[in-house]
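[1] Have a look at this fold, sequence not included:
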């Protein structure tokens, strides 16, 4: 693990601990949450300060369906 990544995770885990009222004995939980958040950030394109986050793999927009035509429907009369 790079020192910058480790430092970020350490600071985030500490912030999580503070946000949750500084509970005793939950440091592993806070560390895992910080790692998960960092992993999520690394899967995105973000500015250096993290203010602008754009997801790399956005789901493709769905195409509108073709209008359904009742070709060959028994009630359709030809001629």
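    Yep, it's here. These numbers come from a predicted model, not from an experiment.
[2] residues in contact with the spatially closest residue to residue 23 that is not a sequence neighbour?
    Using C-beta to C-beta, 6 or more residues apart in numbering and skipping residues adjacent in sequence, the residue nearest residue 23 is residue 17, 7.3 Å away. Every C-beta, even on glycine, is put in place using the N, C-alpha and C of the backbone. Taking C-beta atoms under 8 Å, 6 or more residues apart in numbering, we find residue 17 in contact with 23, 26, 27, 30.
[3] Which residue ranges of this protein form strands?
    44-46, 53-55 (DSSP state E).
[4] Compare those and say which comes out lowest on pLDDT.
    When the strands of the chain are compared by mean pLDDT, strand 53-55 comes last with a mean of 55.
[5] in the chain, what spans have low per-residue confidence?
    By pLDDT under 70, the low-scoring segments of the chain are 45-79.
[6] From the contacts of residue 17, keep the buried residues only.
    Among the contacts of residue 17, the ones that count as buried by 16 or more other C-beta atoms under 10 Å are residue 30.
[7] and residue 30, what is it in contact with?
    Contacts of residue 30 by C-beta under 8 Å, 6+ apart are 13, 14, 16, 17, 20.
[8] Would you mind measuring from the nearest residue to residue 31 once chain neighbours are set aside to residue 28?
    Of all residues not flanking residue 31 in the chain, residue 13 sits nearest, at 4.7 Å (C-beta to C-beta, 6+ apart). The spacing between residue 13 and residue 28, counted by C-beta to C-beta, to the nearest Å, is 9 Å.
[9] now residue 41
    21 Å.
[10] Give me the more crowded residue out of the two.
    Taking neighbours as other C-beta atoms under 10 Å, residue 41 and residue 28 compare with residue 41 leading, 14 against 9.
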